[in-house]
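# Need coordinates for the following:
(4 chains)
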There are 2 protein chains.
Amino acid sequence: METPTPPWRTTRKPRRRQLTQDAIVGAGLRIVVEEGLDQVSMRAVAQALDTGPASLYAHVANKDELLELMLERVMGEIELPELDASRWQEQIRQVMRESRRVMTKYSDIAKVALINIPTGPNGLRIGEFMFRLLLEAGFSPRDASLGLDRFSLYVAGDAYEGALHGSRVRAGNLSPEEYFEQFFGMIQAYYRQLSPEQYPAMAAHVDTLMADGDDERFEFGIDLLIAGMEARLRS
Amino acid sequence: METPTPPWRTTRKPRRRQLTQDAIVGAGLRIVVEEGLDQVSMRAVAQALDTGPASLYAHVANKDELLELMLERVMGEIELPELDASRWQEQIRQVMRESRRVMTKYSDIAKVALINIPTGPNGLRIGEFMFRLLLEAGFSPRDASLGLDRFSLYVAGDAYEGALHGSRVRAGNLSPEEYFEQFFGMIQAYYRQLSPEQYPAMAAHVDTLMADGDDERFEFGIDLLIAGMEARLRS
DNA sequence: TTTATTAGCGAACAGTGTTCGTGTCAAGTA
DNA sequence: TACTTGACACGAACACTGTTCGCTAATAAA
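Numbers count the residues shown, from 1 in each chain, chains lettered A, B, ... in the order given. Now for the predicted structure:
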């Protein structure tokens, strides 16, 4: 309930609203955290700022641009260590972990990273770090370049896949434990009834296939990629 | 223009349409190939079958299920070699290449693979093959399981990222060459104006960063993953 | 022949991104 | 001080989306 405007006031609205791009991006991020990426509609963002959707287009070209701006700000939260090429394996791992941690904090937003190659200052900041790290570790420019590219794809892909589980938790109004039991239990039950003739290997190792969680799988992927890079350094 | 129904016919429509799930999935796939995944709407599919959107829901629970069914059929096109664990590196590479080839043929559809863990017979068929291959190559069940998981993620992630370029080609009505010039030229120009103080490494290697195409980057990622698995086998 | 079942489908609902045109205020100019 | 200018705010609308509700009509069962 708002206080009714006294009729002798010439200005009906109390004050001209000060709508800025920053405020819009912030409102968008709040919605992402609380309700997930596909609840971020222009209408929802506008409503959070107590205005209509058309008003946003003065500060943001379209929804895609808004999402990119949101991602840029998120990537600003990623903290980088002081570069030390003698420990490049460790530092690559650290940056990938940190990137995934920050993206996961903002729910689905990894989807945006997967679609748009981040070209903002914060995206470049991280790219520059990893690229320099690989170069100083002794990789050829081409290997460093391709490595950077594949690492980025891996982090974005994994973060997105992981966030999808989170979205389903939200959608089903479950606790993570309930979700785990329900979802994995279902899949596990499904795999269990696989005919051992058709799928002997998977049928024999159902438990192993379901054993590891998101974090372990992510780390395993990093292990593979880094070991692969090490092999390149030796040859 | 249709021939008007003669008034003495008691049945207005010539015959009850025989709408099947297969036909719906087929129509969906045709649209994916021709216009891309986000042109696949229930209305578009229905129109392709000369009917209304509501009619589809008798054969398909919802759009998500339709997309999963489409993916399942696509994965049926993936051909597997005869399993030979002595050449596991080669065969893993072959399956990944083939998977990417087939998915790329159907435009954006990798997006569906990234969201839903494929649980249909064709998805399992490929999973079973890779899993068995790794087991017989001497990997522990856990390593084989995690490897399978990361390989799948990598293929889906890469295929999706690659398909996005294709979508933009379609959206801009350009030839692939025009797109390449326009898009990469733009990014290249953008990277070129990076301040060498802020981004010295990237600024110094702009050309290298842009040198490789989708295929080379994909192969490099496979190299890393397989070398990483080899390292695990030795330790 | 009568009844039960069900695919087909028109219409509608609630939601989306985006644009147009109008309003309205704040600053710049005469 | 009075007037013009220009930019922002925003209600309304457009063309879309997935999905549901009932009704029709054709087939299958009794």
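# where does chain A dip in pLDDT?
Residues of chain A meeting the criterion pLDDT under 70: A:1-17, A:171-174.
# ok, the lengthiest helix in chain A near chain B or not?
Criterion DSSP state H: the longest helix present in chain A is helix A:141-172. Yes: with Cβ under 8 Å from any Cβ of the partner chain as the measure, helix A:141-172 is seen reaching chain B through A:141-142, A:144-147, A:149-150, A:153-154, A:156-158, A:160-161, A:164. All C-beta atoms are positioned from the backbone trio N, CA, C, and that covers glycine.
# Derive a ChimeraX selection command for the buried subset of those.
This is the ChimeraX syntax for the buried subset of those, where burial follows 16 or more other Cβ atoms under 10 Å in any protein chain shown:
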select /A:141,144,145,146,147,149,150,153,154,156,157,158,160,161,164
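# which residues does A:E68 contact?
A:V112, A:N116, A:P118, A:G120 (Cβ atoms under 8 Å, 6 or more residues apart in numbering or on different chains).
# sorry, back to before: hey, C-alpha coordinates of the helix or strand just after the longest helix of chain A in CSV?
For helix A:141-172, the following helix or strand on the C-terminal side (DSSP states H and E) is helix A:176-179. Provided in CSV are the C-alpha atoms of helix A:176-179 (Å, rounded to 0.1, in the frame of the first residue of the first chain):
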residue,chain,number,x,y,z
PRO,A,176,18.9,-31.9,-2.4
GLU,A,177,18.7,-35.2,-0.4
GLU,A,178,15.2,-36.0,-1.6
TYR,A,179,16.2,-35.1,-5.1
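# For chain B, tell me whether helix A:176-179 is touching it.
No: Helix A:176-179 does not reach chain B (Cβ under 8 Å from any Cβ); its nearest approach is 14.5 Å.
# Check which helices and strands that helix is in contact with.
On a contact count with 3 or more Cβ pairs under 8 Å, 6 or more residues apart in numbering or on different chains; DSSP states H and E, helix A:176-179 meets helix A:141-172.
# what angle do the helix it packs on and helix B:141-172 make?
90 degrees (axes from the mean of the first three to the mean of the last three Cα atoms, to 10 degrees).
# Pretty sure A:I31 sits against A:M42.
No: contact criterion Cβ atoms under 8 Å: A:I31 and A:M42 do not qualify, at 11.0 Å.
# circling back: the longest helix of chain A close to DNA strand C?
No: using Cβ under 7 Å from any atom of the strand, helix A:141-172 stays clear of DNA strand C, with a minimum separation of 14.7 Å.
# so which helix or strand takes in the most centrally placed residue in chain A?
Nearest residue to the geometric centre of chain A (Cα atoms, centre = their mean): A:A110, 2.6 Å. Using DSSP H and E, A:A110 maps to helix A:110-115.
# Just the buried positions in that helix, please.
A:A110, A:K111, A:V112, A:A113, A:L114, A:I115.
# Check those and tell me the two furthest apart.
For those, the maximum inter-member distance is 9.9 Å, found between A:A110 and A:I115 (Cβ to Cβ).
# Can you tell me the SS state at A:Q188?
Put simply, A:Q188 is helix when judged by DSSP: H, G, I helix; E, B strand; the rest coil.
# And the contacts of A:E68, which is closest to chain B?
A:N116 (8.8 Å; Cβ to the nearest Cβ).
# what about the closest one, how many neighbours?
Residues lying near A:N116 (other Cβ atoms under 10 Å in any protein chain shown) number 17.
# same thing with A:R168?
Using other Cβ under 10 Å, A:R168 has 14 other residues around it.
# List the contacts of it.
A:Y179, A:F183.
# shouldn't A:P121 be in contact with A:E72?
Yes: using Cβ under 8 Å, A:P121 is in contact with A:E72, at 7.5 Å.
# For those two, work out which one has more neighbours and name it.
Each of A:P121 and A:E72 has its neighbours counted (other Cβ under 10 Å); A:E72 has more, 18 against 13.
# which one of the contacts of A:E68 is nearest A:A27?
Nearest member of these to A:A27, counting by Cβ to Cβ, is A:V112, at 16.1 Å.
# check contacts around that closest one.
A:L37, A:L67, A:E68, A:M70, A:L71.
# ok, now how distant is A:F184 from DNA strand D?
Distance of A:F184 to DNA strand D, given as Cβ to the nearest atom of the strand, to the nearest Å: 24 Å.
# Determine the three-state secondary structure at the closest residue to that residue other than its chain neighbours.
Spatially, and ignoring its direct neighbours in sequence, A:F184 is nearest to A:M210 (5.8 Å; Cβ to Cβ, 6 or more residues apart in numbering or on different chains). Under three-state DSSP, A:M210 falls in the helix class.
# Likewise for A:L124?
Under the three-state scheme (three-state DSSP), A:L124 adopts helix.
# Contacts (any at all) between DNA strand D and the longest helix of chain A?
No: using Cβ under 7 Å from any atom of the strand, helix A:141-172 never reaches DNA strand D; the gap is at least 12.3 Å.
# among the contacts of A:E68, which two are most distant?
The span of the contacts of A:E68, defined through Cβ to Cβ, is set by A:V112 and A:G120 at 11.6 Å.
# Spit out the residues that contact these two alike.
With Cβ under 8 Å, 6+ apart as the test, A:V112 and A:G120 both reach A:E68, A:L71.
# what sits up against stretch A:49-65?
By Cβ under 8 Å, 6+ apart, stretch A:49-65 touches A:17, A:19-21, A:23-24, A:27, A:42-43, A:45-46, A:66, A:69, A:116.
# Is stretch A:221-235 positioned near chain B?
Yes: looking at stretch A:221-235 against chain B by Cβ under 8 Å from any Cβ, the contacts come from A:G221, A:D223, A:L224, A:L225, A:I226, A:A227, A:G228, A:M229, A:E230, A:A231, A:R232.
# what's the neighbour count on the fifth one?
To tie it back to what came earlier, the one meant is A:I226. For A:I226, using other Cβ under 10 Å, the count is 21.
# Sweet, I'm off.
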